[in-house]
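> Mind folding the following:
(chains A, B and C)
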Amino acid sequence: MTARAPAPPPAVAAGQAPWQSSLGRFARARETGTLALVLVVFLAVTLDNKHFAGSGSIQQLLTGASLIALLSVGQAMVMVTRNIDLSVGSVLGLCAFVDGNLFRTEHIPVWSGFLIAIALGAAIGAINGLITVVVRVPSLVVTLAMLYIIRGLDSKLVNGVIVVPSQVPHAFVDVGYKTLLGIPYLAIIVALVVIIVGYAMRTFRPARDLYAIGSNPEAALLAGIPQGRRVFTAFVTSGALAGLGGALFLALFAQVDNSAGVGYELNVVAAAVVGGVAIFGGSGTVVGAALGALLLNTIQQGLVAVRSSSFWDEAIAGALLLLAIAFDRWLSLRVARGLKSAEGAHREL
Amino acid sequence: MGAAGNGAGAPGGVTASAAGGAEGAASTSEVVLELRHATKAFGAALALGDGSVELRAGEAHALLGENGAGKSTLVKILAGVHQPDSGELLVGGRPVTLNGPAAAKAAGIAVIYQEPMLFPDLSVAENIFMGRQPVRAGRRIDRAAMNRAANDIFTQLGVALDPGRPARGLSVADQQIVEIAKALSLDAKVLIMDEPTAALASVEVERLFKVMETLRERGAALMFISHRLEEVFASCQRVTVMRDGRFVMTAPVAELDVDTIIRSMIGRDLGAMYSKTRTTPGEVVLDVRGLTRDKVFYDIDLSVRRGEVVALAGLVGAGRTEVARAIFGIDRRTAGLVAMLGRPLPNGEPAAAMAAGIAFVPEDRRQQGLVMDMSIESNVALASMGRLSRGGLIFRSAERRLTTTWAKNLQLKYRWTQDPVWTLSGGNQQKVVLGKWLARRPDLLIIDEPTRGIDVGTKAEVHRILDGLAAEGMAVLMISSELPEVLGVADRILVLHEGRLAGQFARADADEAAIMRAATGQDAA
Amino acid sequence: MSSEIAPPPADPTIAPQFRPEPGRARPPLWHAVARWEAGLVVVLIAALVFGSSESATFTTKTTLFYAGINTGYIALMALPMTLIIITAEIDLSVASTLGLTGSLVGDLWHHGWPIWGALAAALVVGIAAGALNGVLIARAGLPSIAVTIGTLTLYRGISEILLGSQTIPGIGDRSFPAWLTKAGVVPVPGLDISYSTLIFIALTIACGIVLHATPLGRSLYAIGLQPEAARFAGLRVARVKFWLYVFSGLICALAGILLTAQNSSVSYNAGYGLELNVVAIALLGGVSIFGGRGTIIGVVLAAAIVAALQMALTQMTVDPNVQEIVIGGLLLVSVIIPNLSRLRVLVRRFRTTS
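Below you'll find the predicted structure:
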C-alpha cells in the first residue's frame, strides 16, 4: 500500500471548465493529425508536380477517395463495436451490378436505383448482423463467409453480362460525373454522409452505446445496453452504405462487371485503421476513418503524379498502415502515461 | 432477523471509536433492504445456505466472512446477477424479484466491485451517465450539462476528478469514485461495496471512508465488504457475519471486538488452525541482493534456506507480488542479483528460473496459474513437458501417471483427469497448480496468496502441505495478506512497506501488531 | 530435517462417493472434437459421392492429381495458419508473401540469376517477411489482424514494384528450366499425386506430430487459451509466436515457388486474395478463431472437402463462382452449427415470453 503524500490542490479552478474536452481533444488531435498528413502529402507532391494542385486533379483526388471513404464510415461503426465487416467490397459489387442490370433490362427510374442498392445492401448487412448477434459467431468469420457467397452470387448473376455506359441513364451517371462549384457530386454525397453519421456518432445515445459495447462489453451488459440491437444496427448501416457505394460505383464508372469492389474490404479496414479506429473497438471516429481513406488515396495518386508509375502505391500504402498502427500504439501508451501522471493533480479537494 | 448476539457479551473491544457517534440514530432508522433466508445452489454445490442481511438508511453495514462463506453469492443476488433458489428480498418493505442487473438498478441497488467495470475509451462523465446522458432538443446529448452534472457529484463527494478525461488510466481508487458517482446519479438507495479497499493505498482508503460518510449523511444504506477488520471498525455501524454459506449473527459494531468477530467467522478458536513442524534450516537456496525494479520496489535483500518458510508480508500494493515476479523473471529487474544455490539467474527469463529449481504459484489462479479450458492432466503436465517427453514426444499416459501421483499426494478431489480444470472448486484448482509445480521437484517454492478464494477445510490442507514440504527440506517463500496465515506458517517474516523492506521478524518474536506497524511504516525495523 | 507429517493425512471430510478412482480418464473434450471431425468426414464422403454421381471420371487418379494442383499450394499455407490461429493470432499476409516470393523468383530470373539462387532467395525473403510480421506482433505486441493487413498490402506492393505489369518469363526472357515447370504439372514418379500434394502430406504429418504430440504443440494451445498462464508456466510466448510467423513465411515462399512452377510463369498478383481461402479452410476445419482449439486432421479434411467440391463442380462445368458460394456457405454453416444450441435457447425464451 503506497501511501502517497497529500496531493497539491487541483489546478482546476471552480466554475471554469477546462476539462470539458480533454477526451474530445485526443480524438480531434488524431483527426487533425490525419488531415495534416493529407495536406503535407498534397503539398509535397505539388512542389514536385504543379498539376497536382489543379482543379481537375483535386476532383480526381476527391472522387477517388469517395467510395472507400463511404465504406469506411460503415466499417468504423462496426469496428467501434469490436466487430468487423469484410463483406463490404462484395456488397458494393453486387449492388452495383444489380442496379446496372435493372437499368439495362427494366429501365427503372433513376432514384429507385439508389433505393434498391441501399435496400439490398442493408438486407445483406442485416443477415451479417443477425448471424453475428443471435448465433454469436465472430463477425470476422460470418462476413468472410458472406464475402464468398456474395462474390459467387455476383459472378453467377453477371455470367458474362457487362453493363455498358449506354445502358445506364444519363441522369444517374451525372451523379458520378458532374460537379457543383467544382466539387464532384460524389464527394458531396459522401461528405454529407460522413458529416451526418459523424455528428450522430457523437451526439445520440444509441450511437454512444456502440462505443460502450466496444470499449467493455461486460460493463455494457451491466449498464443495460441492448448490445444485440446496437451491433445489428451497425451492420445494417455498414451494409446500406456499401449498397449506396454500389450505386455510386455504377454512377462513377457507368459500367460494371463482376470485378467491381474486389479487394475493397481490406482497403476499407486499412483506411479506418489509418484514420485512428481501433481494431479492437471502443475508439475512433467516422470522420477519422474517412480522412484515412483520403490520406491513402492522396498518397496513391500523389505517387502517380510524381513518378507517373503506380507500381509503388500498394507498398507505400502498406508501409503507411504499419506506421499508423505502430504510431497509434505509441500514442495510446503515451496518453495513458500522461494521464497517470496528471492524475496526481486531481487527488483531493 | 434474529440478531443473535453471541458476541455481544464482550463490548468495548478494540477500536470502536470512529463509528461511535452514528449508532444511536442508526439502530432506529428504517430498513431499506432486507434479504431473508436466501439459498442458492450451483449444480450440487450449495453456495448459499441461508443468506440474510438487513440494511438500514444512513448506516454502513459490514458483511464479514471468510472466503467461501457465501458473501460474493449474496452480493450477486442483490446485484441481480444470480436469482436465489428460495428466500425473500424486500426493498423498502416490499418484496421484489431481481431478474437481472437492470432490475437491481431500477430497485435502487448499486454495486461497486473490487475491480470497477468502466468503459476505458469513454469520458468519465459518459461512464457515469451511459445510456442516461442528459439530452436537449432532438434527443441530442448535452455534453456540457453532462460534464457539469458529473462535476456536481464529484463536488458533493468531495473529490476532484476531470469529467472530460477518458476513464483509461484512472487508478482503481478513482475508478471506484466514478462507480460511486454513477450510483449517486442513479439515486441509489443501497450501495454495495465488494472489497473496495483491497487494491487501495491508505490515503485512498481514507478518502473512500470520507465519501462513505457523505453518502450515509445523505441517507444511503451501505454494505461494506472487507477482510480488514480495522476498516470495519473505522467505517461501519453494524456487522453481519457469515460462515459456510450461512448467516451467523448481526450486531452493532460497538458491541463487538475483534476476537468475537473472528471466532464467529471461523467457528472455532484461532490457535487450532496451524500445526508447525520444527525444522533446522539448511543451506541457502535463494539469495537475493539489492533487487530493484524502478518505481516498484527498491533494494530488496532476502534469502531462503532449505526447510525454511519465509513469508513476505505487507499491505496490498507494497510490492510483494512484484518482488516475486522479478525473482521468477516474469518482470525484468533494473538492478540487483538473484542467485539460486549459488548460481546467478539471468534477468527476465522464467524458463531459466524454472531450470534453476524455482517454482512459482501465482496469485491469480484463473489467469496466471491455470489454463482453465485445458484438462487437469494437461495443466499438471504444463510445466514438466520437457521432462515428460520421450524423443521429443509427449504421451498421454505419462501425463496421466504424473497427474494421478500428485492428485493422490495432494488429495485432489476430481472425477476424471481429462476434465477441464474449471470444473474443480477453487481449493482443488489450487492443488492442481501446486501439483504442476511440485511435479518438477523444485528446490524453492514461491507461493503468492496460497489460500485466496479457498474454503476453510482446504485452506488448512494447503497449510499442512506447505508445512510438510518445508519439513522435507524445500525452501518456501510465501506471500500472504492474511496475518494469521503468516504467523502460523512462516519461520521468518519479512515486511515490505512502499517497495522497501521495513521489518524482519523471527517466528518466535513476531506478532500481529508488530507486523502491522512495520507494514504501515509506523516504525522502521 | 525432521519429517513428521510428510504425507498429509487422509481427509475424513471427503465423502466416500466423491473419492475418485485415480487414473481413470474419460475424454469429455474428445467428444466435441470427434463430432466435428466426424461431421467433416460425412461432408467429405457426401462431396465424393456427389462428384462421382455427377461425373464418371470423378473417382480417377487424374482427379486426385488435379485436385492437388488446384488446391495443394493453398492447403499448404493453411497448415501454418492453423498453428497461428490456435495461438489466437492470424496471418492475413500469406497470399501476399506467396506473391512476393513468386515475383522475386521471376525478377531474379529476369535479371539473369541462376534458378537455384532465385529459389533460395525466395525462401530467404519468405522467412524475412514472416520475421517482420513476427517482430511487429510478438515483440512490439501489435494486433496481428491489423499488422498482417498492413503487410498484406506491403508485400503485394513490393511484388508490384518488382514486376510491374509484366509477366515473367516475358518476351525475350529465358523460359524457366524445364525440370521446374515440369515438376509443377506432372505427378510424382511412381505416385499419382502432384508434388504439391506430396509436400502437403509430408508437412501435414510433421505439423500433426508437432501440434498434437510435442511440448511445443501443447504450448500453442496454452498460449491461445491463456497467454498469461502460459508465461507463468515458463513458456516463451513471444518467441513461439515469432517463429510461427517465420514458419508461415517460409511455407508461403514454398507455395509461391510451387505456383510459379505450375504456371510456368509469374506476375505480381499471383495468388491474389487467397488469404481468405486459407483462413476459410482452417476455420472450416474446426479451428476456433479465438484460439486454443483445432486439429490438423480437421484442417486436412477441410482442405480435402474444398478440393473435392472444386473438382466436382469443375467437372460438372459449373461456374467456378458457384464454388465460392458453396465454400462460403459451408463456412457459414460450419460456424453456425456448433452454436445452434444458442438459437434453441433463444427460441424457447421467445416462446415463454410471448
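> Roughly how far does whichever residue of the stretch 201-350 of chain B sits closest to chain C sit from B:L370?
In the stretch 201-350 of chain B, the residue that lies nearest chain C is B:P350 (4.5 Å; C-beta to the nearest C-beta). Bear in mind the C-beta positions are built from the backbone N, C-alpha and C, glycine included. Separation of B:P350 from B:L370 (C-beta to C-beta, to the nearest Å): 16 Å.
> So for those two, which sits in the more crowded spot?
The neighbour count for B:P350 versus B:L370, taken as other C-beta atoms under 10 Å in any protein chain shown, is higher for B:L370 (31 against 20).
> Quick one: mean pLDDT for stretch A:39-50?
Stretch A:39-50 comes out with an average pLDDT of 84.
> and B:A356, what is it in contact with?
B:M340, B:L341, B:R343, B:L345 (C-beta atoms under 8 Å, 6 or more residues apart in numbering or on different chains).
> cutoff 6 Å now
B:M340, B:L345 (C-beta atoms under 6 Å, 6 or more residues apart in numbering or on different chains).
> I'd like to know how far it sits from chain C.
11 Å (C-beta to the nearest C-beta, to the nearest Å).
> count of neighbours near residue 171?
The chain I'm using is chain A. Neighbour tally, A:A171, other C-beta under 10 Å: 13.
> Actually, chain C is the one I wanted.
Neighbours around C:I171, by other C-beta under 10 Å: 6.
> and what of B:N99?
10.
> for B:F395, same thing?
12.
> Quick check: it vs chain A, distance?
34 Å.
> for B:G245, same thing?
25 Å.
> and that residue, backbone torsions?
phi 80, psi 10 (degrees, to the nearest 10).
> Could you double-check that it sits in contact with B:G70?
Yes. B:G245 lies in contact with B:G70 (C-beta atoms under 6 Å); the separation is 3.9 Å.
> what is in contact with those two at once?
Common neighbours of B:G245 and B:G70 (C-beta under 6 Å, 6+ apart) are B:L48.
> And those two? Which one has more around it.
Neighbours were counted for B:G245 and for B:G70 using other C-beta under 10 Å; B:G70 has more, 26 against 23.
> burial count for the closest residue to chain A within the stretch 301-450 of chain B?
When you check the stretch 301-450 of chain B against chain A by C-beta to the nearest C-beta, the closest residue turns out to be B:L315, at 3.4 Å. Residues within reach of B:L315, counting by other C-beta under 10 Å, total 24.
> again with B:R452
The burial count for B:R452: 16, using other C-beta under 10 Å.
> and if you look at B:M212?
Count around B:M212 with other C-beta under 10 Å applied: 21.
> try B:E213
Neighbour tally, B:E213, other C-beta under 10 Å: 16.
> Next one: it relative to B:V239, how far apart?
In terms of C-beta to C-beta, B:E213 sits 17 Å off from B:V239.
> One more: C:F65?
80 Å.
> next one: A:V137
49 Å.
> between these two, who's got more neighbours?
Between A:V137 and B:V239, counted using other C-beta under 10 Å, the more crowded position is B:V239 (24 against 20).
> The more buried one contacts B:H61, correct?
No. Counting by C-beta under 6 Å, B:V239 stays clear of B:H61, with 7.4 Å between them.
> Going along the chain, name the helices of the stretch 1-150 of chain A.
Using DSSP state H, counting those that start in this stretch, the helices of the stretch 1-150 of chain A run over residues A:22-48, A:55-80, A:88-105, A:110-130, A:139-158.
> what sits against the residue of the stretch 201-350 of chain B closest to chain C?
Taking C-beta under 6 Å, 6+ apart, one finds B:F328, B:G329, B:I330, C:G234 in contact with B:P350.
> let's go with 7 Å and repeat that
The neighbours of B:P350, taking C-beta atoms under 7 Å, 6 or more residues apart in numbering or on different chains as the test, are B:F328, B:G329, B:I330, C:R231, C:G234.
> Just those residues: which are in helices?
B:F328, C:R231 (DSSP state H).
> now the contacts of B:P350 in JSON lines, with pLDDT?
As requested, those are exported to JSON lines (pLDDT from 0 to 100):
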{"residue": "B:F328", "pLDDT": "94"}
{"residue": "B:G329", "pLDDT": "92"}
{"residue": "B:I330", "pLDDT": "91"}
{"residue": "C:R231", "pLDDT": "92"}
{"residue": "C:G234", "pLDDT": "91"}
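> Closest one of the contacts of B:P350 to B:R492?
B:F328 (19.9 Å; C-beta to C-beta).
> what about the closest one, distance to B:R400?
For B:F328 relative to B:R400 (C-beta to C-beta), the value is 28 Å.
> In terms of neighbours, single out the busier of these two.
Counted by other C-beta under 10 Å, B:F328 and B:R400 do not tie: B:F328 has more neighbours, with 25 against 22.
> isn't that one right up against B:G357?
No. Look at B:F328 against B:G357 with C-beta atoms under 7 Å: they stay out of range, at 11.6 Å.
> From the opening residue of stretch C:129-149 to its closing one, how far?
Stretch C:129-149 has an end-to-end distance of 13 Å (C-alpha to C-alpha, to the nearest Å).
> mind checking how far that stretch is from the chain centre?
18 Å (C-alpha atoms, centre = their mean, to the nearest Å).
> and that stretch, anywhere near chain B?
No. If you take C-beta under 7 Å from any C-beta of the partner chain as the test, stretch C:129-149 misses chain B, and the best it gets is 13.6 Å.
> Up against chain A, what does the stretch 101-250 of chain C have?
C:136, C:140, C:142-143, C:145-147, C:149-154, C:156-158, C:160-161, C:164.
> Buried subset of those residues as a PyMOL selection?
Burial among those is assessed by 16 or more other C-beta atoms under 10 Å in any protein chain shown; the matching PyMOL selection reads:
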select buried, chain C and resi 136+142+143+145+146+147+149+150+151+152+153+154+156+157+158+160+161
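> Take the residues of the stretch 101-250 of chain C next to chain A and keep only those in helices.
C:145-147, C:149-154, C:156-158, C:160-161.
> In chain C, mark out all the helices, start to finish.
Under DSSP H, chain C gives helices at C:28-54, C:61-86, C:94-110, C:115-134, C:144-163, C:178-185, C:195-213, C:215-225, C:227-232, C:237-263, C:274-284, C:296-315, C:320-336, C:340-353.
> what's the answer for the stretch 401-525 of chain B, then?
B:426-438, B:456-471, B:483-489, B:512-519.
> Could you count how many residues lie near the residue in the stretch 301-450 of chain B positioned nearest to chain C?
Here the stretch 301-450 of chain B gets closest to chain C at one residue, B:M385, 3.5 Å apart by C-beta to the nearest C-beta. B:M385 has 22 neighbours, counted by other C-beta under 10 Å.
> Can stretch B:359-373 be said to contact chain A?
No. Stretch B:359-373 lies apart from chain A when judged by C-beta under 7 Å from any C-beta; the minimum separation is 14.9 Å.
> what about that stretch, distance to the chain center?
On C-alpha atoms, centre = their mean, the centre of stretch B:359-373 falls 15 Å from that of its chain.
> ok, now stretch A:111-128?
Worked out by C-alpha atoms, centre = their mean, stretch A:111-128 lies 18 Å from the chain centre.
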